[in-house]
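Participant: have a look at this prediction, sequence included:
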Amino acid sequence: MPHSQPTLILVHEPVKACFDRLVAEGYPTERATEISSYLAQSTDLAPEFGELAAACGKRGLAFMAAELDDAATVLAKADPRATLVWTLTDGVAYFRGGASPALARLNGLRTIGADDSLFALCQDKFRSGAVLAALGLPVPAVGLARNGAWLVEPPASAAGWFVKPNRLGAKIGIWADSRITELGHALELSRRVFAGYRDDVVVQPYVAGRNVRASFLGLKPETGVEALGIAFVDSGGDFQTMADSMALYGDTGQAARDAGIYAEPELEPVAASQPAADRAIRAIAQKLTAGVGLKDVFSVDFRVEADDTVHLIEFEVCPGLPCFDFRDYCRRQWGMSLADAMAETAANRLLR
C-alpha cells in the first residue's frame, strides 16, 4: 500500500464550540464568555491557516486544520505512517483539548508535544504543583479551598497570599483583589470562584519579583534548553486579571486593535540584566524536560526576584502559539514567522 502524503493535522477547539457547551451546561453567559476566551488562540490563528498550508507545502507537507469535535473522525482516517498531530489547546475541565493527543495515540499517530498525561496534569495547578515539588523544583507551597472551605490549608506567609482558580487559564487571578493579606478573604474568593466558575482555588504564599515567560519550540528533534527564549513580561501590573487577559487575545483583542488602544506587554531578555537567573531557569527547564517529559513545544512561567531568586509558577504544554510572546520567540530564536517555524518543526519530524 503506498504512503499517503505527509500531513500535519492541527487540532483546535474553537471559542464558540466551548461557549455553546458551557451555556448548555448552565454557565451564565458572562462566565462562559470569560472561560471560552482562553481558546482565543484558535480564533487568532485561524486567519493564518492559509499561510500555514503554504509554509507546509513548501516543505512537502499537506496541512489540515481539524476542529476538536471532528477530531475523532479525522484522526481515525489518518495514515499513521505519514501523519503528525499538533494539538493547539490543552484541557480536561472547561476545555477538552487533552482528548486530541489521546486520540492520536489510540490511532497510532505521531504527535508534536508532550504525551496526553501531561495535558491533564498541567491544567490542575494543585496536582501539578505537588509533582513539581516532588522533583525538588522551586514551586510555592499551596493550599486548596472549595466554596469557602479548606481542603488543604496554605502555609503561613508574612508577605500575604495569592489566590487563583485551580483549573482555569494560566497564572492569573480572576480579580484585582486576588493578592490578599487575610486568609478569610481567600475563602471569600473561593466562594466567588465556585459560584461563577465551579472551580476550586489554590492559595499560595505571595512571591515578589517580575513575571518571566520561558518559551520553547524544538525546531529540530535534538534541540535542547539552549533554545529557550526567556523574557521578562512587563504589562504594568503585578499580575494579570481576567480583564487583562481578555484584552490581549481573540475578538476582544481585535476590537482593541481596531480602536487603537491595544498594548502588548513589553518583553526583555532576562539574560541582559540577570544572567544568573537565566542560567537558573535553563537548569530548571532541563529538570522539567527530564522529570516530567516536556518536549517539542511548551512554555514555563516564573517569578524572578532582583537577587536572582527564581520561583517556578507553572508549565504549559500548549503555549499560546499566535500570542505576541511566542511570535517574538520564533523571530528571535529561529528567525522565522510563526507559520514557517511550525511547518519547519513538522517537516523535521515527518520527513527527516
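Facilitator: It's in.
Participant: surely residue 42 touches residue 16?
Facilitator: No. Using C-beta atoms under 8 Å, residue 42 makes no contact with residue 16, being 9.5 Å away. For every residue, glycine as well, the C-beta is placed using N, CA and C.
Participant: the two: which has the busier surroundings?
Facilitator: Ranked by neighbour count (other C-beta atoms under 10 Å), residue 42 and residue 16 place residue 42 first, with 25 against 12.
Participant: just the element for the more buried one, please.
Facilitator: With elements taken from DSSP states H and E, the one containing residue 42 is helix 40-45.
Participant: go on, residue 21?
Facilitator: The secondary structure element spanning residue 21 is helix 15-24 (assigned by DSSP H and E).
Participant: please identify the buried residues of that helix?
Facilitator: Counting neighbours by 16 or more other C-beta atoms under 10 Å, one finds that the buried residues in helix 15-24 are 15, 17-19, 21-22.
Participant: and the contacts of it?
Facilitator: Outside of helix 15-24, the residues within contact range by C-beta atoms under 8 Å, 6 or more residues apart in numbering are 29, 31-33, 35-37, 39-40, 42-43, 67-69, 94-95, 250-251.
Participant: what of stretch 157-167?
Facilitator: 92-94, 123-126, 144, 154, 171-174, 178-181, 183, 185-186, 189-190, 193, 197, 199-208, 239.
Participant: quote the end-to-end distance of it.
Facilitator: Distances were taken as C-alpha to C-alpha, to the nearest Å; on that basis the terminal residues of stretch 157-167 are 23 Å apart.
Participant: pLDDT of that stretch, averaged?
Facilitator: Averaging pLDDT along stretch 157-167 yields 94.
Participant: run a quick neighbour tally on residue 314.
Facilitator: Neighbourhood size, residue 314 [other C-beta under 10 Å]: 18.
Participant: okay, and the beta partners of it?
Facilitator: residue 301 (DSSP bridges).
Participant: before we move on, what about residue 267?
Facilitator: Beta-bridge partners recorded for residue 267 (DSSP bridges): residue 233.
Participant: now do the same for it: its pLDDT.
Facilitator: For residue 267, the pLDDT comes out at 93.
Participant: shouldn't it be in contact with residue 230?
Facilitator: No. Taking C-beta under 8 Å as the definition, residue 267 is not a contact partner of residue 230, at 10.2 Å.
Participant: one step back: from the buried residues of helix 15-24, which is closest to residue 312?
Facilitator: Within the set of the buried residues of helix 15-24, residue 18 lies nearest residue 312; the separation is 28.4 Å, counting by C-beta to C-beta.
Participant: isn't residue 94 right up against residue 34?
Facilitator: No. Taking C-beta under 8 Å as the contact criterion, residue 94 and residue 34 are not neighbours in contact, 10.1 Å apart.
Participant: for this protein, give me the ranges with low pLDDT.
Facilitator: Residues of the chain that meet the criterion pLDDT under 70 lie in 1-3, 169-173, 235-263.
Participant: can I see the domain layout of it?
Facilitator: Per automatic domain parsing, the structural domains of the chain span 7-114, 141-205, 210-334.
Participant: which stretches of the stretch 251-352 of the chain form helices?
Facilitator: 270-273, 275-291, 324-329, 338-350 (DSSP state H, counting those that start in this stretch).
Participant: any chance of the ones you listed in JSON lines, plus mean neighbour count?
Facilitator: As requested, these are exported to JSON lines (neighbours: other C-beta atoms under 10 Å):
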{"stretch": "helix 270-273", "mean neighbour count": "16"}
{"stretch": "helix 275-291", "mean neighbour count": "17"}
{"stretch": "helix 324-329", "mean neighbour count": "19"}
{"stretch": "helix 338-350", "mean neighbour count": "22"}
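Participant: what's the closest of the ones you listed to residue 307?
Facilitator: Counting by C-beta to C-beta, residue 307 lies closest to helix 275-291 out of those; the figure is 9.1 Å.
Participant: please enumerate the helices of the stretch 1-150 of the chain.
Facilitator: Across the stretch 1-150 of the chain, reading from the start of the chain, the helices by DSSP H, counting those that start in this stretch fall at 15-24, 29-36, 40-45, 49-58, 71-76, 99-106, 116-122, 125-134.
Participant: elements contacting the fourth one?
Facilitator: Yep, that's helix 49-58 we're talking about. In terms of contact count using 3 or more C-beta pairs under 8 Å, 6 or more residues apart in numbering; DSSP states H and E, helix 49-58 is assigned the packing partners strand 7-12, strand 62-67, helix 338-350.
Participant: got the angle for that helix vs helix 338-350?
Facilitator: Calculated by axes from the mean of the first three to the mean of the last three C-alpha atoms, to 10 degrees, helix 49-58 forms an angle of 40 degrees with helix 338-350.
Participant: tell me the buried residues in helix 49-58?
Facilitator: Buried positions in helix 49-58, judged by neighbour count with 16+ other C-beta under 10 Å: 51-53, 55-56.
Participant: the third one now?
Facilitator: By 16+ other C-beta under 10 Å, the buried positions in helix 40-45 come out as 40-45.
Participant: just the CA atoms of that helix, as PDB, please.
Facilitator: What follows is helix 40-45 as a C-alpha-only set of coordinates in PDB (Å, rounded to 0.1, in the frame of the first residue of the first chain):
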ATOM      1  CA  ALA A  40      -8.700  32.700  21.600                       C
ATOM      2  CA  GLN A  41      -5.600  31.300  20.000                       C
ATOM      3  CA  SER A  42      -7.900  29.300  17.800                       C
ATOM      4  CA  THR A  43      -9.500  32.500  16.800                       C
ATOM      5  CA  ASP A  44      -6.200  34.300  16.300                       C
ATOM      6  CA  LEU A  45      -4.500  31.500  14.300                       C
END
